[in-house]
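K.L.:
the following block contains a protein sequence and its predicted model.
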Amino acid sequence: MTGISNRVKSTNDLELKDRLVAINRVTKVTKGGRTFSFAAIVVVGDEAGIVGWGLGKASEVTTAIAKGVEAAKKNLVRIPVYKGTIPHEQIAKFGGAEVLIKPASHGTGVKAGGAMRAVLESVGITDVLAKSKGSSNPHNLVKATIAALNELRSPAMVAQNRGISVEKVFNG
């Protein structure tokens, strides 16, 4: 994408809903024994084209989730949602995780699993086909899914980049 930013500037007027994707208990071994802490990956979205993810780490689960939500609100992006689905097919990789998302006809539902489902539902996509290949690590899956969604271009963006009308984009 050339010079176009999908970043959302202000979060004040948004109704964001948060979804917990994964919680991981991590252990630090010290001289006095084991110290447990928690890492939570959270996805937030307004279910109308805006989504963000965050990672929170703390010694208690609730604090880790709260930190994750705050981190997610700081990195929101706008995604083009076209009639409840995505405008076109997209593939993206992050680390060992590779994701494929395809548009689907109305009534199909969100055909995706785990971490991908949380991201797609937070964006507000109601009909999509999704496949994850490679690693099933929730961190990398969330990042790959958001990368794929970030590369989507709406028909209006395509028309603007080509200097033609939106009708010509569809009719060739």
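P.N.:
Alright, I've got the coordinates. The structure displayed is predicted, hence computed values, not measured ones.

K.L.:
helices of the protein, start to end?
P.N.:
Here the chain has its helices, by DSSP state H, at 61-73, 114-123, 138-150, 155-162, 166-171.

K.L.:
using CSV, lay out those together with distance to Pro103, mean neighbour count and mean pLDDT.
P.N.:
Backbone N, C-alpha and C define where each C-beta goes, glycine included. Shown next, in CSV, are the helices of the chain (distance: least, Cβ to Cβ, whole Å; neighbours: other Cβ atoms under 10 Å; pLDDT from 0 to 100):
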stretch, distance to Pro103, mean neighbour count, mean pLDDT
helix 61-73, 25, 18, 95
helix 114-123, 12, 24, 92
helix 138-150, 12, 23, 94
helix 155-162, 12, 14, 81
helix 166-171, 14, 12, 73
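
K.L.:
could the ones you listed be laid out in a markdown table, adding distance to Phe38?
P.N.:
Below are the helices of the chain laid out as a markdown table (distance: least, Cβ to Cβ, whole Å):
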| stretch | distance to Phe38 |
| --- | --- |
| helix 61-73 | 4 |
| helix 114-123 | 17 |
| helix 138-150 | 14 |
| helix 155-162 | 40 |
| helix 166-171 | 47 |
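
K.L.:
for Ile91, which of these is the nearest?
P.N.:
For Ile91, the closest of the helices of the chain is helix 138-150, at 6.7 Å, according to Cβ to Cβ.

K.L.:
show me what that closest one is packed up against.
P.N.:
Helices and strands touching helix 138-150, by 3 or more Cβ pairs under 8 Å, 6 or more residues apart in numbering; DSSP states H and E, are strand 17-30, strand 33-45, strand 50-58, strand 76-78, strand 90-94, strand 97-103, helix 114-123, strand 128-134.
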